[in-house]
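>>> Fold the following and give me the result.
(one chain, ligands or ions: 1)
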Amino acid sequence: MRVVPVLLLAWSGAIQAAPEVVSLEQASALYEQHCLSCHGVNRLGGAGPALLPESLSRLKPDEARAVIHDGRPASQMAAFGDRLDAAQIDGLVNYLYQPAATPPTWSDDDIRTSHRILADVKALPSTPQHGADPLNLFVVVEAGNHHVRVLDGDRFEELANFPSHFALHGGPKFSPDGRFVYFASRDGWVSVYDLHNLTMIAEVRAGLNTRNLAVSNDGRWVLVGNYLPGNLVLLDAHDLSLVKHIPAVAVDGTPSRVSAVYTAPPRDSFVVALKDVKEAWELSYAGTPNFQPRRIPAADFLDDFSFTPDYHYLLATSRKALGGQVIDLDTGEAVTDIPLPGMPHLGSGIYWKRDGQWIFATPNVSKGLISVLDLDTWRLVKEIPTEGPGFFMRSHLNSKYAWTDVFFGPNNDAVHLIDKQTLEVAHTLRPMPGKNAAHVEFTNDGRYALLSVWDTNGALIVYDAKTLEEIKRIPMNKPSGKYNVGNKIEFAEGTSH
Ligand code: DHE
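Presented below is the predicted three-dimensional model:
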């Protein structure tokens, strides 16, 4: 598969004497002269990614400046520091972060034109060709160099290593049999990869700025949630061909971005959170679906959510509100508010049984605490103090610990292991002191826990989940999430859905 450039500015001119401050008009001319051929008209992307504020939100201006000046390793983006002076680079960076003059659009035709079939699935063997246990493979997103690795989860050996689109975000999702894995990149690309044959099958650009995707539990549909344009894009899961798009518009006509979309297997439906209007949507995929959203009024905007184990309730939050909300998916009623004061990252929340009762625990991105809720009473059972705000949390049915990172702040090299019954921090690990430790996933049997060190010179570290002994350290460039095929397709307790 091709290497995807991060910022691909094609230089085609001589050095010019530049003014001290480059105006937006001058920067726009620089863009047209040097960048447009790869990054597209109106900065909407092409061979290179879109360069709009919406798609650059994760890249700080200083980082963009450095990329233009120095280029980016493992991409086609060359260094321009010897050809563009500081004022020109500053002007370009300033220009890239300005909203587009004409609102960006991405039509059905654009989606269809971007669609590429890369392998003929029917001509490929339908059984695993790699000799490893197909239910114990790990798909690891290596964010630092925009690659994906496939690991054998028994031997922790690499089976494949391939380039991804720019900035994959959210967990990859799997077909119900675990054969296919679906990726979404922040700049709208969706890809499907065949894990039996270790081959990319198809890709399509479903939007300009994408949140995440979900795969229906019958393996027929992929639903993509977009920020830009604010819509849902329904794809045929077999080849990613476009079925239709569904504008994210509230009952009163207000447009919205899509915060997230998940599949709810026992309900045979997709559940969608909308970011700018107070509605959640449910779209059934049972039988011959028409994908008309069922609108559920919400007490607040939904930035993120999680389900109860039976998928009866939705636990949702809003970054603007102080707490959380519970919505009954059957009746469509808002049940109660829940006290979640630290900006919970509910998509990373997990549940387990304690004294016979389901409890739910979530990290918080603005406070160093884990919020633990009783799922019968919605009562806050405990706030467990941590060494700083966290992002991800993981456990396994066979593990007595819930692992959670300290993603932000000076202690971001720490990982806490919380005893699932006492709700106390039982152990704190510092896998690589001074480097950010984050995101854990267990092997299918729960025997080993794989942890990321998010650093250019980082690693994926395999721990014995009981003795906490380090088993293996695989050097990697900012490995972000890792996903165990079996845990994912079983929607196992302790992992993200
Ligand atoms: Fe994520 C999952 C939202 C920033 C890495 N993140 C998710 C999901 C949502 C979400 C809704 C669940 C989707 C899914 O898995 O299908 N993330 C947000 C944000 O709103 C936020 C705070 C701001 C933003 O920029 O969008 C945000 N996320 C980040 C990051 O900065 C992270 C740390 C680095 C990155 O890659 O962008 C990041 N998010 C992740 C990862 C997952 C994720 C690795 C999958 C977790 C999993 O285990 O399933």
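>>> Residue 23: neighbour count?
Residue 23: 12 surrounding residues under other Cβ atoms under 10 Å. Backbone N, C-alpha and C define where each C-beta goes, glycine included.
>>> partner residues bridging residue 325?
Beta-bridge pairing of residue 325 under DSSP bridges involves residue 316, residue 337.
>>> Could I get the contacting residues of residue 459?
Contacts were defined as Cβ atoms under 8 Å, 6 or more residues apart in numbering; by that measure residue 459 touches 431-432, 452-453, 473-476, 479.
>>> List only buried entries from the residues you listed.
For those, a burial check counting by 16 or more other Cβ atoms under 10 Å picks out 431-432, 452-453, 474, 476, 479.
>>> With distance to the ligand and secondary structure as extra columns, can I get the residues you listed in a markdown table?
Shown next, in a markdown table, are these (distance: Cβ to the nearest ligand atom, whole Å; DSSP: H, G, I helix; E, B strand; the rest coil):
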| residue | distance to the ligand | secondary structure |
| --- | --- | --- |
| 431 | 17 | coil |
| 432 | 17 | coil |
| 452 | 9 | strand |
| 453 | 14 | strand |
| 474 | 17 | strand |
| 476 | 14 | strand |
| 479 | 10 | strand |
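>>> residues near residue 126, how many?
12.
>>> do the same with residue 271
Quick note: residue 271 (other Cβ under 10 Å) scores 25 neighbours.
>>> Surely it touches residue 284?
No - under the criterion of Cβ atoms under 8 Å, residue 271 makes no contact with residue 284, lying 10.4 Å away.
>>> Just the buried positions in the helix or strand of the chain with the lowest mean pLDDT, please.
Within the chain, no helix or strand scores below helix 36-39, which has a mean of 77 by mean pLDDT, DSSP states H and E. Judged by neighbour count (16+ other Cβ under 10 Å), helix 36-39 contains these buried residues: 36, 38-39.
>>> How about stretch 328-339?
329, 334, 338.
>>> cool, stretch 379-391 as well?
381-384, 386-391.
>>> Endpoints of it, how far apart?
22 Å (Cα to Cα, to the nearest Å).
>>> Show me what from the chain comes close to the ligand.
Contact residues, the chain versus the ligand (Cβ under 6 Å from any ligand atom): 57-58, 143, 169-171, 212, 260, 304, 347, 391-392, 439, 480-481, 496.
>>> before we move on, back to that, which one of the buried residues of helix 36-39 is nearest the ligand?
residue 39 (20.4 Å; Cβ to the nearest ligand atom).
>>> That closest one and residue 51 touch, don't they?
Yes - applying Cβ under 8 Å as the test, residue 39 and residue 51 come out as touching, 5.1 Å apart.
>>> how close does residue 210 sit to residue 305?
Distance, residue 210 to residue 305, using Cβ to Cβ, to the nearest Å: 18 Å.
>>> er, residue 353 I mean
21 Å.
>>> So between the two, which is more surrounded?
residue 305 (26 against 14).
>>> In a helix, the more buried one, correct?
No - under DSSP: H, G, I helix; E, B strand; the rest coil, residue 305 sits outside any helix and is assigned strand.
>>> measure the closest residue to it other than its chain neighbours to the ligand for me?
Spatially, and ignoring its direct neighbours in sequence, residue 305 is nearest to residue 316 (4.0 Å; Cβ to Cβ, 6 or more residues apart in numbering). Plainly put, residue 316 is 11 Å away from the ligand if you go by Cβ to the nearest ligand atom, to the nearest Å.
>>> Do I have it right that residue 316 meets residue 327?
Yes - look at residue 316 against residue 327 with Cβ under 8 Å: they come within range, at 6.3 Å.
>>> Identify the contacts common to the two.
Common neighbours of residue 316 and residue 327 (Cβ under 8 Å, 6+ apart) are 280, 298.
>>> If you count surrounding residues, which of the two has more?
Taking neighbours as other Cβ under 10 Å, residue 316 and residue 327 compare with residue 316 leading, 29 against 23.
>>> what sits against that one?
Residue 316 neighbours (Cβ under 8 Å, 6+ apart): 273, 280, 298, 300, 302, 304-305, 324-327, 346.
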